[in-house]
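Student: Below are the sequence and a predicted model; questions follow.
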Amino acid sequence: MRDGRRTDTRDRILDAALDLMSGCGYDGVSVRDIADAVGIKGASLYKHFEGKREVFDALIAREIAALENTLRELGANATLDDSPEAYASDDMPELEELVWRSYLPFFCDERIRKLRRMLEVSRYADERCATLYRTVFAERPLALQERIFGRLVEKGAFNQCDVALAARQFHGPMLMLMNLETKPDEARKFCIRHVRAFNELHRGGTL
């Protein structure tokens with residue numbers, strides 16, 4: 001196990017990398033830039049990471065794990081292993097809040113916002129960043145929503161529909177709000193209206 005000081009320096013390196021790369025992208029930041037931001041020499045950074053790519057990999061792993069933990073703490077699905085049953089609730093206020101909580105970190109957690117900026121600004125020059133952006137902010141949420149909508153259809157809570165299309169119809173506007181960096185209060189109001197409209201459409205006009 002690493003000692004406390006080594007762990008602290010490692011986290012400071014990752015924090016500095018996130019700050020810098022969220023503004024300049026992966027290619028726009030050097031190991032020296034990260035070391036300078038932390039207040040250490042470049043050689044000292046190599047005691048913790050072999051290079052910039054390893055810093056990036058560790059940063060991605062840390063932030064995705066933190067996102068999953070936050071979602072679970074909020075009672076929302078984080079991975080396909082989580083049960084979608086809570087989303088089948090007939091209690092509309094409860095369902096509206098649950099759906100909002102599944103999006104809340106994307107609007108309120110500054111580290112997740114920085115992660116999105118970092119991947120977005122880098123995705124045109126770095127294929128790996130493009131893949132990560134699609135995975136974290138599009139493909140994973142879509143897969144979760146397809147599973148949730150599929151379960152709602154199975155239970156008869158939703159009318160029969162193309163669940164893959166329904167997931168894209170729901171997540172698309174929310175992803176647009178993320179990319180526009182919509183303020184949390186505005187995003188929450190839209191999300192709740194979106195849930196209500198979606199519920200009306202897919203339950204044939206009945207709540």
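Tutor: Looks like it came in fine. Numbers count the residues shown, from 1 in each chain.
Student: buried sites along the helix or strand harbouring Pro93?
Tutor: Using DSSP states H and E, Pro93 falls within helix 92-108. Within helix 92-108, the residues that count as buried by 16 or more other C-beta atoms under 10 Å are 95-107. C-betas here are computed from N, CA, C, even on glycine.
Student: can you list those in JSON lines and add pLDDT and distance to Asn199?
Tutor: JSON lines is the format used below for the buried residues of helix 92-108 (pLDDT from 0 to 100; distance: C-beta to C-beta, whole Å):
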{"residue": "Leu95", "pLDDT": "90", "distance to Asn199": "8"}
{"residue": "Glu96", "pLDDT": "92", "distance to Asn199": "9"}
{"residue": "Glu97", "pLDDT": "94", "distance to Asn199": "14"}
{"residue": "Leu98", "pLDDT": "94", "distance to Asn199": "12"}
{"residue": "Val99", "pLDDT": "95", "distance to Asn199": "10"}
{"residue": "Trp100", "pLDDT": "96", "distance to Asn199": "14"}
{"residue": "Arg101", "pLDDT": "95", "distance to Asn199": "17"}
{"residue": "Ser102", "pLDDT": "95", "distance to Asn199": "15"}
{"residue": "Tyr103", "pLDDT": "97", "distance to Asn199": "16"}
{"residue": "Leu104", "pLDDT": "96", "distance to Asn199": "19"}
{"residue": "Pro105", "pLDDT": "96", "distance to Asn199": "23"}
{"residue": "Phe106", "pLDDT": "96", "distance to Asn199": "21"}
{"residue": "Phe107", "pLDDT": "97", "distance to Asn199": "21"}
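Student: so Ala125 touches Asp27, yeah?
Tutor: Yes. Using C-beta atoms under 8 Å, Ala125 is in contact with Asp27, at 5.5 Å.
Student: coming back round to it: tell me which other helices or strands the helix holding Pro93 touches.
Tutor: Counting contacts by 3 or more C-beta pairs under 8 Å, 6 or more residues apart in numbering; DSSP states H and E, helix 92-108 packs against helix 52-73, helix 110-122, helix 163-179, helix 184-202.
Student: Try it again at 6 Å.
Tutor: Here helix 92-108 touches helix 184-202, going by 3 or more C-beta pairs under 6 Å, 6 or more residues apart in numbering; DSSP states H and E.
Student: All good on my end, thank you.
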